[in-house]
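*Asks:* show me the folded form of this:
(chains A and B)
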Amino acid sequence: MKKILPITNAIIAVISGIFVLLGYFFPGVFGGIQSTLIGWAIILAAFALLLGIFNLAMVHWKKIASSKSGNINSMVLLISLVVTILIVSINGPAGSWSLWVFNSFQVPVEVSLLAVLAVILVYAGARLLAHRPKWNTILFLVTVLVVLLGSAPLFFIGEITPLSIVRGWLTQVPAIAGARGLLIGVALGTVATGLRILIGADRPYGG
Amino acid sequence: MDQVLSSITNYLGVLFILLCLGLILFYLLSDRGRAKLNLRSIQAFIHFRREVDLAVEAGKRLHISLGRGSINDLQGGSAFIGLTILDRCARAASNSDKPPVTTSGEGVITVLSQDTLRSTYRSLAAEERYDPTNARMTGLTPLAYAAGTMPAIHDEQISTNIFVGHFGTEIALLTEAGERNQSLTVAGSDSIPAQAVIYATSDEPLLGEELYAAGAYLGAGGAHSASLRMQDILRWVLVVAIMVGSILKLLGILS
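*Replies:* Residues are numbered from 1 along each chain as shown, chains lettered A, B, ... in the order given. Below you'll find the model as predicted:
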């Protein structure tokens, strides 16, 4: 059984993958079976989400049980999880209480993290020069500075026209050329990854 | 007319996929039994291998962050590379007291990372080492994911963080947590904004296709080396096509 199950998994995955791929190229012939398979995948993904939430609760329950330092955070997380599930179950996802929970807790916490993120990015830019003092680091930082200064009007000075022109050229020509180069690499890599799974060489499903 | 064009595009798409598949199979079969491929040196993978060995010796843990890409769309591709890296890390750290810990921001990726850990330990005849709580889902929105992953970096005696998958700019919070923890951060993503942030904030950035070469560099099997060679050939084909297109446009032949 231990040997048969991985092979069965691989066969199901490969056949499903081939049908979904063919559905993109020949929607008239394989479109129906493709949408059925994707529909099943979405249902399975929803169950996987529930498993993920259960896993999150287990991790934090273990932390509380082991009474390590920082378990107060885990306790807050578990209580919040239970309370939120109860409120959303009773009130519905678009109910006023559910929205109050979202707007009063989730949104402010995420906004404050975004603010921290801005500070971290500035700090990382400054630190980069100390970590990697190379010509490409200097070019990167100078470009960031020019784009930043050219993007918004400055206090008391207003918009600096030459900087805005340079910013426009930087974002429209070298940045787009570079991004397209990176995207071609990413696209080829994604095709290669998909094909490895399709021929059964990579089996991330325990096959 | 539109229908004919659409059919031609579809057939070209199938031809492209078949060409990729043919090249992978060709190199897979022709490289069988051959010595290791000569790959250009990528600093991130050299440091990564060294740090994995050091982590095992020092009894520290590896952290693999798989991002929050869904496998139902393109973003899942980079997470699959993360799963390959997870497999290699679990094998390398099989003698360590501290097995690697994985975090992700999507249910399916969490289940797949648990499955990868389980099948890796099973293949090493060490199933007792498998603990489902070592593959965790830490948050579902980008910032919730970052907020949930940061404590794992601080609390779990992590020596090396590997961020491989779909991220946004929130990855700066994670690389910063790694920096504060004085652990090495190797990071790669399929997203362009995340790559810019990774370049500035991580110790060892993996940019563009470097991320997808991870399997070949870490010895994950012949299929990874074969697909890397396929990518190299097609990249050159695309470079030539872009150059020819540019010249034709410059000459006014292409409108």
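
*Asks:* how about the residue of the stretch 151-255 of chain B found nearest chain A, nearest residue that isn't a chain neighbour?
*Replies:* Per Cβ to the nearest Cβ, B:Tyr212 is where the stretch 151-255 of chain B lies closest to chain A, at 2.7 Å. For every residue, glycine as well, the C-beta is placed using N, CA and C. The spatial neighbour of B:Tyr212 that comes closest, neighbours along the chain excluded (Cβ to Cβ, 6 or more residues apart in numbering or on different chains), is A:Gly189 at 2.7 Å.

*Asks:* need the pLDDT of the one you found.
*Replies:* Predicted confidence (pLDDT) at A:Gly189: the value is 93.

*Asks:* circling back to that earlier point, check whether the residue of the stretch 151-255 of chain B closest to chain A really touches A:Thr190, as I assumed.
*Replies:* Yes. In terms of Cβ atoms under 8 Å, B:Tyr212 counts as a neighbour of A:Thr190; the distance is 7.5 Å.

*Asks:* now do the shared contacts for the two.
*Replies:* B:Gly77, B:Ser78 (Cβ atoms under 8 Å, 6 or more residues apart in numbering or on different chains).

*Asks:* the two - which one has more neighbours?
*Replies:* B:Tyr212 (29 against 20; other Cβ atoms under 10 Å in any protein chain shown).

*Asks:* contacts only, for the residue nearest to B:Tyr212.
*Replies:* Going by Cβ under 8 Å, 6+ apart, A:Gly189 touches B:Gly77, B:Ser78, B:Ile81, B:Asp190, B:Glu209, B:Leu211, B:Tyr212, B:Ala213, B:Gln231.

*Asks:* please flag which of those sit within helices.
*Replies:* Among the contacts of A:Gly189, the members falling in helices (DSSP state H) are B:Gly77, B:Ser78, B:Ile81, B:Gln231.

*Asks:* need the contact partners of the worst-scoring helix or strand of chain B on mean pLDDT.
*Replies:* The weakest-scoring helix or strand in chain B, judged by mean pLDDT, DSSP states H and E, is helix B:43-58 (a mean of 86). For helix B:43-58, the surrounding residues in contact (Cβ under 8 Å, 6+ apart) are B:60-62, B:89, B:92-93, B:95-96, B:98, B:159-160, B:162, B:184, B:186, B:188, B:203-206, B:210, B:214, B:217-218.

*Asks:* among those residues, which ones lie close to chain A?
*Replies:* Counting by Cβ under 8 Å from any Cβ of the partner chain, B:Asp203, B:Glu210 from the contacts of helix B:43-58 sit close to chain A.

*Asks:* which among the contacts of helix B:43-58 end up buried?
*Replies:* Listed as buried from the contacts of helix B:43-58 are B:60-62, B:89, B:92-93, B:96, B:98, B:159-160, B:162, B:184, B:186, B:188, B:203-206, B:210, B:214, B:217-218; burial here means 16 or more other Cβ atoms under 10 Å in any protein chain shown.

*Asks:* my guess is A:Leu22 meets A:Gly32, correct?
*Replies:* No. The criterion here is Cβ under 8 Å, and A:Leu22 misses it with A:Gly32 at 11.5 Å.

*Asks:* if we can go back for a sec, restricted to strands, list the contacts of helix B:43-58.
*Replies:* B:Arg61, B:Leu62, B:Ser159, B:Thr160, B:Ile162, B:Leu184, B:Val186, B:Gly188, B:Glu204, B:Pro205, B:Leu206 (DSSP state E).

*Asks:* what does the host helix or strand of B:Ile198 rub up against?
*Replies:* In this structure, B:Ile198 is located in helix B:192-201 according to DSSP states H and E. Here helix B:192-201 makes contact (Cβ under 8 Å, 6+ apart) with A:120-121, A:124-125, A:128, A:140, A:179, A:182-183, B:163, B:166-169, B:171-172, B:175-176, B:179, B:185, B:187-189, B:205-208.

*Asks:* recalculate using a threshold of 6 Å.
*Replies:* The contact list for helix B:192-201 (Cβ atoms under 6 Å, 6 or more residues apart in numbering or on different chains) reads A:124-125, A:128, A:179, B:167-169, B:171-172, B:175, B:187, B:189, B:205, B:207.

*Asks:* coming back round to it: give the buried residues for the helix or strand where the residue nearest to B:Tyr212 lies.
*Replies:* Using DSSP H and E, A:Gly189 sits in helix A:174-198. Of all the residues in helix A:174-198, those buried under the rule 16+ other Cβ under 10 Å are A:175, A:179, A:181-182, A:184-198.

*Asks:* confidence score at A:Pro162?
*Replies:* 86.

*Asks:* can you confirm it is in a helix?
*Replies:* Yes. Using DSSP: H, G, I helix; E, B strand; the rest coil, the assignment for A:Pro162 is a helix.

*Asks:* what residues does chain A have near chain B?
*Replies:* When proximity is defined as Cβ under 6 Å from any Cβ of the partner chain, chain A approaches chain B at A:25, A:45, A:48-49, A:51-52, A:55-56, A:58-59, A:62, A:110, A:113, A:117, A:120-121, A:124-125, A:128, A:179, A:182, A:184-186, A:188-193, A:195-196, A:201, A:204-206.

*Asks:* where exactly do the helices run in the stretch 51-200 of chain B?
*Replies:* B:76-92, B:107-123, B:142-155, B:171-180, B:192-201 (DSSP state H, counting those that start in this stretch).

*Asks:* just want the residue of chain A that's nearest chain B.
*Replies:* Closest point on chain A to chain B, by Cβ to the nearest Cβ, is A:Gly189, at 2.7 Å.

*Asks:* ok, now how distant is that residue from B:Thr84?
*Replies:* Relative to B:Thr84, A:Gly189 is positioned 12 Å away (Cβ to Cβ, to the nearest Å).

*Asks:* and if you look at B:Thr169?
*Replies:* Noted for B:Thr169: a distance of 25 Å to B:Thr84, by Cβ to Cβ.

*Asks:* can you check A:Ile79 too?
*Replies:* 38 Å.

*Asks:* okay, those two: which has more neighbours?
*Replies:* Per other Cβ under 10 Å, whichever of A:Ile79 and B:Thr84 has more neighbours is B:Thr84, with 23 against 10.

*Asks:* contacts only, for that one.
*Replies:* Contact analysis of B:Thr84 by Cβ under 6 Å, 6+ apart lists B:Gly215, B:Ala220.

*Asks:* confidence score at it?
*Replies:* pLDDT recorded at B:Thr84 is 92.
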